[in-house]
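# turn this into a model:
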Amino acid sequence: MTTVQAIRTFFFYLLLSSSSFFWCILCVFIAPLLPFRARYRLVIQTWCRCATWLAKVMVGIRYEVHGLENIPQQPCVILAKHQSTWETFFLSAFFEPLSQVVKRELLYVPFFGWAMAMLKPIAIDRSNPKAALKQLAKQGAERIEQGAWVLIFPEGTRIPPGQIGKFSRGGTALAVNSGLPVLPIAHNAGEFWPKQGWAKYPGTIQVVIGPLMYAEGEGPRAIAELNERAFNWVSQTQQQISGIPTQLSPLDEPSAV
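From the prediction side, this is the model:
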């Protein structure tokens, strides 16, 4: 990373953190007065759009979206590749309203966590996988009935470019049991916003929204088959985007969802 890019990255983080702090303080007092959809637009969508805009103008991270025609009119379960923080910002702004599976500990962070708690996240305890799966099944179905998309990173953690983590079956189980399809999403955000370190590299992120995938039947076998199809599509699409053979990550961590 050049000296100029390092300076731009420093100011990017300065603006991002300061805007997050003041925005969360403001939203803690205003958001409770708003209905859920308006609350989501204020707290999450507006700030996440600001974050992706800052990434564009400050460090040169742009993006292109392919497959918009695959997005259904009704919310469903989104299974997205996880490489960086960028896709969390992007997807939270792009799909509205959206309920995301997060670590329960995040809700305890002053102001940021308090603001997030008002947006109906599915906050799980990753140390208790069985309880987390039951919670995802129950609350995920509730969120979809309430008209929200449910975002799941099935790898459970951020995986570097060129690698892919095993997909947990929590997302496909939710889709099958709710009678809904899954919407797979692949991207290469990690090439410009790496998992490790604070460096940011200019370039254009390719986001590919895949075709809706429906289960063939019901029960555990249908869940496993749908999960494998989603995994294969994301893996193959990642390779097409990056031109790097996608390998199963040796850093893969077990995850309930």
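# helices of the stretch 151-257 of the chain, start to end?
Taking DSSP state H, counting those that start in this stretch as the test, the helices found in the stretch 151-257 of the chain are 170-178, 219-242.
# tell me where the model's unsure across the chain.
Counting by pLDDT under 70, the chain has low-confidence residues at 111-112, 251-257.
# any idea which residue is closest to the centre of it?
By C-alpha atoms, centre = their mean, the mean C-alpha position of the chain lies nearest to residue 88, the distance being 4.2 Å.
# and the closest residue to residue 167 other than its chain neighbours, backbone torsions?
Once flanking residues are discounted, residue 167 sits nearest to residue 154: 3.9 Å by C-beta to C-beta, 6 or more residues apart in numbering. For every residue, glycine as well, the C-beta is placed using N, CA and C. Backbone torsions of residue 154, given as degrees, to the nearest 10, read phi -70, psi -10.
# and what of residue 119?
phi -110, psi 20.
# does it really touch residue 40, like I thought?
Yes: using C-beta atoms under 8 Å, residue 119 is in contact with residue 40, at 5.7 Å.
# now for those two: what residues contact both?
Common contact partners of residue 119 and residue 40 (C-beta atoms under 8 Å, 6 or more residues apart in numbering): residue 97.
# contact partners for residue 9?
1, 58, 59, 198, 199, 200.
# separation between the fifth one and residue 161?
So the one you mean is residue 199. 14 Å (C-beta to C-beta, to the nearest Å).
# so the closest residue to residue 41 other than its chain neighbours is in which element?
Counting by C-beta to C-beta, 6+ apart, the nearest residue to residue 41 once its immediate chain neighbours are dropped is residue 96, at 6.6 Å. Using DSSP states H and E, residue 96 sits in no helix or strand.
# give the contact list for residue 96.
37, 40, 41, 45, 149.
# you'd agree the second one is up against residue 99?
No: look at residue 40 against residue 99 with C-beta under 8 Å: they stay out of range, at 9.3 Å.
# overlap of the contact sets of the two?
residue 119.
# any idea how far residue 228 is from the residue nearest to the centre of the chain?
For residue 88, the distance to residue 228 equals 25 Å [C-beta to C-beta].
# so how far is residue 46 from the residue nearest to residue 41?
Distance from residue 96 to residue 46, by C-beta to C-beta: 10 Å.
# likewise for residue 64?
22 Å.
# repeat for residue 164
From residue 164 over to residue 46 the distance is 32 Å, taken as C-beta to C-beta.
# who has more neighbours out of those two?
More crowded of residue 164 and residue 46, by other C-beta atoms under 10 Å: residue 164, with 23 against 14.
# which ones are touching that one?
81, 155, 231, 234, 235, 238, 246, 247, 248, 249.
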